[in-house]
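*Asks:* mind looking at a prediction? Sequence and model below.
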Amino acid sequence: MDSSSNPQGSIQPLNVGNAVSAGLRLYSSHFQQYIMVAFIATLWILLPLVVAGLIILFFATVQNYYALLALMIPAWIALLVYCLAQYMAGAAAIVRLSFGELTQQPESTQQAKRFTQSRMWWFLLVALLMSLIYSGITVIFYILLVILLVVTIGAAGGLALFQSETPEAIAQQIFTNPSFLITLVLGFLGLLLVFLTIFCWFSARFSVADVPLALEPESNATRSLSRSWQLTQKNAWRVFSILFITGLITVPLQFLVQIVSSAVSAVIGALMPPETPTAFLLSTVVTYILSFAINILVLPLGQTIRAVIYYDLRSRREGLGLQLRDPSDR
């Protein structure tokens, strides 16, 4: 990477374009290494799906021993939780490897994975806390939407009450009143805009929520979230711009998946009746395989970008006096 797009050897803050460029160059220069880590991490996600498919196939074939479900379902849930933790640890290893390159303190893949796997349950807890935060934001949006609906109907109903006598006539006047419909639509669009703005802002503030956990030895789940909040202060929209541009880069891959998936479904439909279980199973398997392939390609890009964001945020606030590990650990 040249000095204009690579933060190595420079403490100058990166602009949005340079941050994306630095992440892309880091991704391309370590493509094989990061893809292998992403591949293994994605296999962990694939494992519970394969096990679930085998369980369904077993009961569909045998059509007996349903009492075993009482044991299989909790065991499968435990497997899913474990595999999710392993996936997150593998994804975090890419961040750690990328950050090591940016700070000119590279680690081997085994060293990075050993560190992140020792914290895989913390990564799972970070994901759980983030889910609770975003769920809370969504619930508040729906509550406000209900309040808007109630207030609008109440206002329109009060007006209609003076013009009609029966409840049916009042309801008809409310829902055929152009003012009511316009107010409801504009209110919904306004709430939606506010919701999306707040959601994007929170997404930027917690964009590196698990990165300190992957890099800072003293970090834990709550401290990692707090660290992300602290580092992104006054930089939320710049961080969001970086993530948004990175997302746009992956859009052609998503279109490619849709095109190939549709083409495969068309071929399968031409070879056998599309309503048969076999055709449905083949189409589903192909779709999942393509989705996992795309995830393997996209995951390292997102993680390198987040490593660059974290590097830049720390450069702006704290300089580059960073140490991933002791030299004796090399």
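*Replies:* Good, I have the coordinates. Numbers count the residues shown, from 1 in each chain.

*Asks:* now Gln32, what's its secondary structure?
*Replies:* For Gln32, the assignment made with DSSP: H, G, I helix; E, B strand; the rest coil gives helix.

*Asks:* that one: neighbour count?
*Replies:* Neighbour count for Gln32, taken as other CB atoms under 10 Å: 7. Backbone N, C-alpha and C define where each C-beta goes, glycine included.

*Asks:* which residue packs closest to Ala81, ignoring adjacent ones?
*Replies:* Slight slip there: residue 81 is Val, not Ala. Leu124 (7.1 Å; CB to CB, 6 or more residues apart in numbering).

*Asks:* what helix or strand is Gly136 located in?
*Replies:* Using DSSP states H and E, the element containing Gly136 is helix 120-161.

*Asks:* was I right to think the residue nearest to Val81 contacts Leu84?
*Replies:* Yes: using CB atoms under 8 Å, Leu124 makes contact with Leu84 at a distance of 6.2 Å.

*Asks:* mind giving me the packing neighbours of whichever strand or helix holds Leu213?
*Replies:* Here Leu213 is covered by helix 211-215, with elements defined by DSSP H and E. Using 3 or more CB pairs under 8 Å, 6 or more residues apart in numbering; DSSP states H and E, the elements in contact with helix 211-215 are helix 69-102, helix 120-161, helix 221-231, helix 277-318.

*Asks:* show me what the third one is packed against.
*Replies:* Applying 3+ CB pairs under 8 Å, 6+ apart, one finds that helix 221-231 makes contact with helix 120-161, helix 211-215, helix 277-318.

*Asks:* need the ones you listed in a markdown table (columns: mean pLDDT and mean neighbour count).
*Replies:* Compiled in a markdown table, those are given as follows (pLDDT from 0 to 100; neighbours: other CB atoms under 10 Å):
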| stretch | mean pLDDT | mean neighbour count |
| --- | --- | --- |
| helix 120-161 | 83 | 15 |
| helix 211-215 | 95 | 27 |
| helix 277-318 | 85 | 19 |
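
*Asks:* for Ala112, find the nearest of those helices.
*Replies:* With CB to CB, the closest approach to Ala112 among these belongs to helix 211-215: 8.4 Å.

*Asks:* if anything else comes up later, I'll come back, but that's it for now.
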